[in-house]
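Chemist: Provide a 3D model corresponding to the input given below.
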Amino acid sequence: MHHSIEIHNLSYSYPDGHEALREVTLSIQPGEKVALVGPNGAGKSTLILHLNGILSGQGEVCVAGLAVRKENLGKVRARVGLVFQSPEDQLFSPTVYEDVAFGPRYQGLPEAEVRLLVEEALSTVNMLSYARRISHHLSMGEKKRIAIATVLSMKPEVLVLDEPTAGLDPRARRSLIRLLDELDITMLVSTHDMLMVRELFPRMVVMDEGRVVADGATHELMEDEALLEAHGLERP
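Modeler: Numbering: from 1, shown residues only. So this is what the prediction gives:
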């Protein structure tokens with residue numbers, strides 16, 4: 001049985017020389033829901049972008065049993081559902097239906113199968129009635145759900161989300177947390193929302209200055225006030 005995510009000694013520097021990741025090692029088992037926390041600039045988003053090959057550093061990254069390398073990128077991107085912080089980065093079609101159909105169509109699936117995948121993904125995020133709506137007319141909370149549906153329609157093995165609750169009002173935030181709780185899928189979520197972390201994620205990985213500085217049970221790390229304070233985190 002392979003790990004869902006396996007990262008070994010991953011380092012990455014941006015072209016300006018900024019060292020964003022320093023020998024990060026991390027493994028996530030199938031079915032785990034893991035929160036990735038740390039201050040701005042800790043390397044969380046840079047790490048996430050390595051999981052489907054948008055960035056490529058020194059070290060090993062395997063997702064769903066596949067090495068993240070150029071020749072595997074098509075397969076990797078079908079298995080890793082990456083949801084960006086801003087839904088605008090993911091929604092660009094005339095209608096919600098077209099946005100969610102984009103991935104399965106890109107995979108060359110027949111239209112009847114595409115339709116079933118779109119309906120299933122929209123039902124999962126409780127947005128089936130929005131299929132004919134125009135994505136950019138929706139609220140932020142609705143857009144975030146549609147963005148999740150655009151990756152669920154590809155039937156990924158792993159769901160990776162960057163700041164899913166950022167910019168949401170309390171009702172939309174609560175609704176999104178409920179959705180993430182209900183999704184039965186391996187999940188890695190980068191977030192500053194420590195209340196959500198405590199509620200949803202049994203395991204927490206703390207990053208700072210490009211390194212993993214703590215990795216353990218959320219309820220234990222949340223009690224370590226010295227650790228949280230040292231890395232710019234507040235206990236909820």
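Chemist: Next one: the residue nearest to Met204 when sequence neighbours are not counted relative to Val34, how far apart?
Modeler: Nearest non-adjacent residue to Met204, counting by CB to CB, 6 or more residues apart in numbering: Thr218, 4.3 Å away. Every residue, glycine included, has its C-beta placed from N, CA and C. Shown here: Thr218 relative to Val34, a distance of 9 Å by CB to CB, to the nearest Å.
Chemist: Report all helices and strands that the helix or strand bottoming out on mean pLDDT in the chain contacts.
Modeler: Among the helices and strands of the chain, helix 73-79 carries the lowest confidence by mean pLDDT, DSSP states H and E, at a mean of 88. On a contact count with 3 or more CB pairs under 8 Å, 6 or more residues apart in numbering; DSSP states H and E, helix 73-79 meets strand 66-67.
Chemist: Quick check: can you name the pairing partners of the strand it packs on and their directions?
Modeler: strand 58-63 (antiparallel) (DSSP bridges).
Chemist: For the partner strand, buried residues please.
Modeler: Gly59, Val61, Cys62, Val63 (16 or more other CB atoms under 10 Å).
Chemist: Mind listing the shared neighbours of Thr218 and Val34?
Modeler: Residues within reach of Thr218 and of Val34 at once, by CB atoms under 8 Å, 6 or more residues apart in numbering, are Phe201, Arg203, Met204.
Chemist: Tell me which of the residues you listed fall in strands.
Modeler: When DSSP state E defines the strands, the subset of these inside them is Arg203, Met204.
Chemist: Save the shared contacts of Thr218 and Val34 as a markdown table, and put in neighbour count and pLDDT too.
Modeler: Formatted as a markdown table, those follow (neighbours: other CB atoms under 10 Å; pLDDT from 0 to 100):
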| residue | neighbour count | pLDDT |
| --- | --- | --- |
| Phe201 | 21 | 97 |
| Arg203 | 17 | 98 |
| Met204 | 22 | 97 |
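Chemist: which one of the buried residues of strand 58-63 is nearest Tyr106?
Modeler: Taking CB to CB as the measure, Tyr106 lies nearest Val63 of these, at 18.4 Å.
Chemist: And the nearest residue to the closest one once chain neighbours are set aside, how close does it get to Ile48?
Modeler: Residue nearest to Val63 in three dimensions, not counting chain neighbours: Val80, with 5.2 Å by CB to CB, 6+ apart. Val80 sits at a distance of 10 Å from Ile48 (criterion: CB to CB).
Chemist: Same check on Glu113?
Modeler: Distance from Glu113 to Ile48, by CB to CB: 29 Å.
Chemist: Settle it for me: which of those two has more neighbours?
Modeler: Ile48 (23 against 12; other CB atoms under 10 Å).
Chemist: Need the residues that contact the host helix or strand of that one.
Modeler: Following DSSP states H and E, the helix or strand that holds Ile48 is helix 44-50. With CB under 8 Å, 6+ apart as the test, helix 44-50 has contacts from 7, 10, 12, 20-21, 24, 36-38, 55-57, 61, 68, 82, 85, 160, 162, 188, 190, 207, 210.
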